[in-house]
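1. Fold the following, please.
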Amino acid sequence: MRTNPVNATLLDATLPLARSAGERALEHFLASGFKRIEPAILHPASIFLDMSGEAIRGRLFLTADSSGEELCLRPEYTIPVCRAYLASDKAGAVAEYSYLGPVFRAQAEGAGERAQTGLESFGRKDAEAADAEVFSLAMEAAAAAAGKLAARLGDAGLFDALLSALALPEVWRRRLKRGLAEGRDLAAILDGRSQSALAQPGVLAALESADHDGARALVEDLLAIAGIDAVGGRTASEIADRFLEQAALRSGDSIGIEKRKILESYLAVSGDLDVAAQTLRGLAGAAGLDLGAALDAFELRNGFIAARGVAIEETRFSAAFVRDFDYYTGFVFEAREPSRPDARPALAGGRYDGLARKLGAKADIPAVGAAITLDRLPGARR
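-> Numbers count the residues shown, from 1 in each chain. Below you'll find the predicted structure:
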């Protein structure tokens, strides 16, 4: 296997076991037809800040070029690989890549530089089959590299279909998505109240009749007048969302008891994939909700996963499991060592069809990927 000289030097500084595990995993991806790619290490910091908000700034390693543009060391591979894909002659067509190298992000675990390997698939129209293949290949590669993992699956697309079927106000849809991504339970999301000092009655009254774009413009103007770029690590758009939520609560625009019960029942679904599918169909039928297309896709993907031989007994679905909804648009997953259920995930990924458009493409491009953080694998630690 040919190794990029820059990555070879950087990977030499990683743990020997993790480096060896990464090479074995990469070989598995290459043997499956994924082409090796090595995207740039330096990227405009604004890309990652726009995707994740100012809160991520403290986790980035920042510098600047001669013109003063703020740059950062790549904190992950998906955005850099997607940028390289869009800049290539493959943009818009089917292309599948794998990688092995360092990422740089300040974390509570202490390591600023970590080695990752993974794979990204772009342009495939058979979304459920592509989801199953990427997930299965990542699980197989992790097992071949340094030990089997237990996986948890979620479906952002299915949850979005539920929210649409319930006809919830947009402010509540944003609040629910963000709250679940932050790991909050339903009661905390629905019953919590923001205590922002900026949310004065006059501001809330002005926002009650404004749409999101209008609210964002108003908040940006208010912050600009005050000479404030961000508050508590939140961007103007995020602050506008919080204000809109409070305005909705102030005007009595809340979720009714029946819809709340449906959400509680949905988010409580977990466990075996086939049982979860049956339970979700029963819930939709009893509530009179049309989730047929989303559930068909869910079951089709499960069938593809089973056909690829993934250890279904160690694969569980959780309706409450989501990742960043600004990034992921459908199938999501993570996996960790079975004996350490509270450990950080060693493997994570999902579908992100909207990312290409956010990076400058004229339309969404189907995409799904997975990343393995090598020193979190059971057989690759010190």
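
2. C-alpha only now, for contacts and for neighbours.
-> Noted.

3. Tell me which stretches of the stretch 251-382 of the chain form helices.
-> 257-267, 273-287, 292-307, 355-358 (DSSP state H, counting those that start in this stretch).

4. How is this protein divided into domains?
-> Domain assignment for the chain, taken from automatic domain parsing, gives 5-161+264-376, 172-250.

5. Contacts only, for Leu267.
-> Leu267 makes contact with 318-320, according to C-alpha atoms under 8 Å, 6 or more residues apart in numbering.

6. ok, now with 6 Å
-> The neighbours of Leu267, taking C-alpha atoms under 6 Å, 6 or more residues apart in numbering as the test, are 319-320.

7. The closest residue in space to Glu337 that isn't next to it in sequence: neighbour count?
-> Using C-alpha to C-alpha, 6 or more residues apart in numbering and skipping the chain neighbours, the partner closest in space to Glu337 is Leu149 (4.8 Å). Close neighbours of Leu149, defined as other C-alpha atoms under 10 Å, add up to 25.

8. Start the count at 414 instead of 1 going forward.
-> All set: I'll call the first residue 414, so the last point we hit is now Leu562.

9. Roughly how far does Leu562 sit from Glu440?
-> Applying C-alpha to C-alpha, to the nearest Å, the value for Leu562 to Glu440 is 19 Å.

10. so which of the domains of the chain is the most packed in?
-> Ranked by mean neighbour count under mean count of other C-alpha atoms under 10 Å, those are led by domain 418-574+677-789, which reaches a mean of 19.

11. what mean pLDDT does it have?
-> Domain 418-574+677-789 comes out with an average pLDDT of 89.

12. Any idea how far that domain is from the middle of the chain?
-> Computed by C-alpha atoms, centre = their mean, to the nearest Å, the chain-centroid distance of domain 418-574+677-789 equals 7 Å.

13. which residues does Ser683 bridge with?
-> Judged by DSSP bridges, the bridge partners of Ser683 are Ser731.

14. isn't Leu566 right up against Phe746?
-> Yes. Using C-alpha atoms under 6 Å, Leu566 is in contact with Phe746, at 4.4 Å.

15. In the stretch 464-613 of the chain, mark out all the strands, start to finish.
-> For the stretch 464-613 of the chain, the strands defined by DSSP state E, counting those that start in this stretch occupy 475-477, 483-486, 508-517, 526-535, 563-568.

16. what's the first one in contact with?
-> It stands for strand 475-477. For strand 475-477, the external contacting residues (C-alpha under 6 Å, 6+ apart) are 483-485.

17. switch to 10 Å and redo it
-> Under the criterion C-alpha atoms under 10 Å, 6 or more residues apart in numbering, residues 455-458, 482-487 lie in contact with strand 475-477.

18. Nearest to Ala580, out of these: which one, please.
-> Nearest to Ala580 out of the contacts of strand 475-477 is Ala458 (C-alpha to C-alpha; 36.5 Å).

19. so what's that closest one closest to, chain neighbours aside?
-> Closest to Ala458 by C-alpha to C-alpha, 6+ apart is Leu484, at 4.7 Å.

20. so what's the one you found up against?
-> Counting by C-alpha under 10 Å, 6+ apart, Leu484 touches 454-460, 473-478.

21. Same list, these, but as JSON lines with distance to Ala543 please.
-> What follows is those, written out as JSON lines (distance: C-alpha to C-alpha, whole Å):
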{"residue": "Ile454", "distance to Ala543": "27"}
{"residue": "Leu455", "distance to Ala543": "29"}
{"residue": "His456", "distance to Ala543": "28"}
{"residue": "Pro457", "distance to Ala543": "30"}
{"residue": "Ala458", "distance to Ala543": "30"}
{"residue": "Ser459", "distance to Ala543": "30"}
{"residue": "Ile460", "distance to Ala543": "26"}
{"residue": "Leu473", "distance to Ala543": "31"}
{"residue": "Phe474", "distance to Ala543": "33"}
{"residue": "Leu475", "distance to Ala543": "35"}
{"residue": "Thr476", "distance to Ala543": "37"}
{"residue": "Ala477", "distance to Ala543": "38"}
{"residue": "Asp478", "distance to Ala543": "38"}
